[in-house]
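Sequence plus predicted model, see below.
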Amino acid sequence: METSTLLGLALGLPVIAFAGVLAADSRENLREAISLICGAVLLWAVWNLYQPVLEGETVGLTWLQVMPGIELAFRAEPLGLLFALVASCLWIVTTLYAIGYMRGHEEKNQTRFFALFALSIGSVMGIAFAENLFTLFVFYEVLTLATYPLVTHAGTEKARAGGRTYLTILLGTSVGFFLVAIAGTWLVAGTLSFTRGGVFPAEASSAVLSLLLVLYVFGVGKAAIMPFHRWLPAAMVAPTPVSALLHAVAVVKAGVFVILKVCLMIFGLETLKAIPATTWLLYLAAVSILLASLVALRQDNLKARLAYSTVSQLGYITLGALLATSAGIAGGAMHIVMHAFGKITLFFCAGAILVAAHKTEISELDGLGRQMPLTMGAFFLASLCIIGVPPTGGTWSKWFLLLGTVEAEQWLLVVLLMLSSLLSIAYLLPIPLRAFFPRNGSAATVSVAVREAPWPSMLAITLTAIGCVLLLAYPTVISQLIQVGL
């Protein structure tokens, strides 16, 4: 099959899944089979682009020319392919998990859920393979609109309030800052196409470029840099599979992917180093990492703690991009993958605990490890992946981020990153430890009748937890793409 056909297939399959799920409606076995089959074919199509992209083949297609220089066009390049691989791989396991969760929790409107889930993945493919900022912006907004009904899925007043915060911040930042930055880029550079080494001419004013960089960093609200992070905790009212979609598969990863791609292919590393705003944005990212870690430490609600952990971990990726070094970019790109596998496992575990034990607070989990050893064992492994220590893949991304910080001679940031790692240990590891070893030898607070979640959910948890470990042993698939993309 020709590579351009594979690219078209990757963009079109989620839309086919969307239509198929709606057509199947209440026939749940057929509806879920369509989601799984489309997910598997999507992964196959994206994977078959890997070798051609690695060998430098140009893979692209154009759908529509709006005006000269403004096109709805797509190109498979290494960084985008990496993001597409992560999203397509995790779409399958998230669907598998959602089948167990939605049935076990007897959620309403399951057809709408699976249909919009597919549409969200389609938006992610559009973002990952966007050839220019115009195309990226179109699919970035489609992703916001497609995930809004998922956030408000429960239909309660709390869910609607969370949805309003979600929509207001994401649309507000993208229209108020992101769109302005894109227009400014067009005026200064005369192009919106992603270009290796950046698009700005050497004579461009550093003050103007500083302003554009600030607009991009604040405009991409999905990257959740403080103070535009509140949508993320607010969206925790959504069902757990949606939280997994937001935190690992689609939304936040789309945000930090855009930051990485803009830094690498709109500004270019040499230009980025020379911009005055880069340094203070670096420290803003570091402050975001630390403050979010401190807030996470104070949360008793499990999903809220994981949400603030996400805000902190996204800061690592933004920081890696702004370091403007090869190691920083490599660390940021690797952390997209490592955080995706680690965080999706943690949210899967939180959902499994809710379905099986009906617990949401960390203080209620003492002794749960005896009734749910697989879930809490997976939680422990995924925590290590987020912290960035063996035997998990998170070790690589944190190592490269530290290396990038040293390479940039940002010694204060080295100290801040090490402090943040200690905070990650403090807010994540006590959870599985309390589950396996109740505090002060107190009696377990969990009924002995509690058992593991339904098997589809447990299969998904097991697969992503194994993925966390395999990423330590086999990082080459990721590192080769990153090396080609730099």
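Thanks, I have it.

next one: the longest helix seen in the chain to chain centre, how far?
Longest helix of the chain, by residue count under DSSP state H: helix 326-357. Centre-to-centre, helix 326-357 and its host chain are 8 Å apart (Cα atoms, centre = their mean, to the nearest Å).

next one: stretch 207-219
With Cα atoms, centre = their mean as the basis, stretch 207-219 stands 22 Å off its chain's centre.

what is the mean pLDDT for that stretch?
Average pLDDT, stretch 207-219: 95.

could you measure residue 130 against residue 344, distance?
24 Å (Cβ to Cβ, to the nearest Å). Heads up, the C-betas are built off the backbone N, CA and C, glycines and all.

out of the two, which sits in the more crowded spot?
Higher neighbour count among residue 130 and residue 344: residue 344, with 29 against 26, using other Cβ atoms under 10 Å.

Tell me who's in contact with the more buried one.
Contacts for residue 344 were tallied using Cβ atoms under 8 Å, 6 or more residues apart in numbering; they are 90, 93-94, 244, 247-249, 464.

State the distance from the residue nearest to it when sequence neighbours are not counted to residue 190.
Setting aside the residues directly before and after it, residue 344 is nearest to residue 248 in space (Cβ to Cβ, 6 or more residues apart in numbering), at 3.5 Å. For residue 248, the distance to residue 190 equals 37 Å [Cβ to Cβ].

show me where pLDDT drops low in the chain?
Applying pLDDT under 70 to the chain flags the ranges 247, 440-450.

80 - rerun?
Applying pLDDT under 80 to the chain flags the ranges 1, 104-107, 154, 236-238, 240-249, 439-451, 453, 485-486.

who's in contact with the top strand by length along it?
When the chain is parsed with DSSP state E, its longest strand is strand 59-67. With contacts defined as Cβ under 8 Å, 6+ apart, strand 59-67 is touched by 3-4, 6-8, 49, 52-53, 71-76, 131, 134.

how about the helices in the stretch 251-400 of the chain?
For the stretch 251-400 of the chain, the helices defined by DSSP state H, counting those that start in this stretch occupy 251-262, 269-274, 276-297, 302-322, 326-357, 368-371, 373-387, 394-407.

didn't the residue nearest to residue 344 look like it was pressed against residue 347?
Yes: in this structure residue 248 lies within contact range of residue 347 using Cβ atoms under 8 Å: 6.9 Å.

Would you check that residue 269 makes contact with residue 327?
No: the criterion here is Cβ under 8 Å, and residue 269 misses it with residue 327 at 11.2 Å.

So the residue nearest to residue 344 versus residue 198, what's the distance?
Residue 248 is 30 Å from residue 198, by Cβ to Cβ.

now residue 169
Distance of residue 169 to residue 198, given as Cβ to Cβ: 29 Å.

for residue 140, same thing?
Residue 140 is 20 Å from residue 198, where distance means Cβ to Cβ.

In terms of neighbours, single out the busier of these two.
Legend: neighbour count by other Cβ under 10 Å for residue 140 and residue 198, higher for residue 140 (26 against 21).

And for the more buried one, nearest residue in space, chain neighbours not counted?
Nearest to residue 140 is residue 127, by Cβ to Cβ, 6+ apart, at 5.9 Å.

got it, and residue 340?
Leaving aside its chain neighbours, residue 340 sits nearest to residue 248 (4.6 Å; criterion: Cβ to Cβ, 6+ apart).

and of the contacts of residue 344, the nearest to residue 224?
Each of these was checked against residue 224 using Cβ to Cβ; the closest is residue 247, at 9.9 Å.

rewinding a little: among the contacts of residue 344, name the ones in helices.
Those of those mapping onto helices are 90, 93-94, 244, 464, per DSSP H.

Look at residue 452 and give its secondary structure.
coil (DSSP: H, G, I helix; E, B strand; the rest coil).

That concludes my questions; thank you for your assistance.
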